[in-house]
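S.K.: Sequence and predicted model, in that order:
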Amino acid sequence: MNNLSKEYVSECRKALEEEQAYSLSNTNNWSHVNRELVHQDWDILYKKLAEYVGKLTVANDSVQSLIKEHFEIACRFYTPSKKAYIGMGFFYKENKEMEKFHNSYHPEMVDYLGNAIVHYAKNNL
């Protein structure tokens, strides 16, 4: 996440904010989403991902396979653009509650996940 320009990061944050607001307003606050299932699926995914933190690069195929799953889970809400998905990684890091939640799986999870999201988005979206 460190190799992105400040301007691009700002565009990613803005894309996430705008796309989420649009989606929320058009889906009755994501009423179509089974939130319990989403949280269960993310819990399983984060437990698997935590095993790779500090051991595998974010470009590793096993890591990227999990990030593909992460993206697919996010798409249950709406399909984020490349910039919005990258913005999600920054949101996880910048929102203290989200940072605490993600780092509960591994102390370096939020940074690792953010970098893995950037790699995935740049190569797949």
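M.R.: Everything's here; your move.
S.K.: Run a quick check on Gly54 versus Glu108, I expect a contact.
M.R.: Yes. With contact defined as Cβ atoms under 8 Å, Gly54 counts as touching Glu108 (6.5 Å). All C-beta atoms are positioned from the backbone trio N, CA, C, and that covers glycine.
S.K.: higher neighbour count, these two?
M.R.: Glu108 (13 against 10; other Cβ atoms under 10 Å).
S.K.: Name the nearest residue to the more buried one, sequence neighbours excluded.
M.R.: Excluding the flanking residues, the one nearest Glu108 by Cβ to Cβ, 6 or more residues apart in numbering is Val53, at 5.3 Å.
S.K.: buried sites along the lowest-mean-pLDDT helix or strand in the chain?
M.R.: Of all helical and strand segments in the chain, the minimum by mean pLDDT, DSSP states H and E falls on helix 6-26, at a mean of 90. Residues of helix 6-26 classed as buried: Val9, Glu11, Cys12, Arg13, Ala15, Leu16, Glu19, Gln20, Ser23 (neighbour count, 16 or more other Cβ atoms under 10 Å).
S.K.: Between all of the residues you listed, which two are separated the most?
M.R.: Val9 and Ser23 (21.2 Å; Cβ to Cβ).
S.K.: related to what we said a few turns ago, name the residues that touch the least confident helix or strand of the chain?
M.R.: Contact with helix 6-26 is made by 1, 4, 30, 77-78, 80-81, 83-88, 90-91, as judged by Cβ atoms under 8 Å, 6 or more residues apart in numbering.
S.K.: cool, stretch 118-125 as well?
M.R.: With Cβ under 8 Å, 6+ apart as the criterion, stretch 118-125 contacts 1, 4, 58-59, 64, 67-68, 70-71, 81-82, 85-86, 89.
S.K.: Could you write out the alpha-carbon coordinates of that stretch in PDB?
M.R.: Output in PDB follows, covering the C-alpha atoms of stretch 118-125 (Å, rounded to 0.1, in the frame of the first residue of the first chain):
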ATOM      1  CA  VAL A 118      -3.800  -3.900  -3.700                       C
ATOM      2  CA  HIS A 119      -1.900  -6.800  -5.500                       C
ATOM      3  CA  TYR A 120      -5.200  -8.500  -6.300                       C
ATOM      4  CA  ALA A 121      -6.900  -5.400  -7.600                       C
ATOM      5  CA  LYS A 122      -4.000  -4.400  -9.700                       C
ATOM      6  CA  ASN A 123      -3.800  -7.800 -11.300                       C
ATOM      7  CA  ASN A 124      -7.500  -8.800 -11.500                       C
ATOM      8  CA  LEU A 125      -9.800  -5.800 -11.600                       C
END
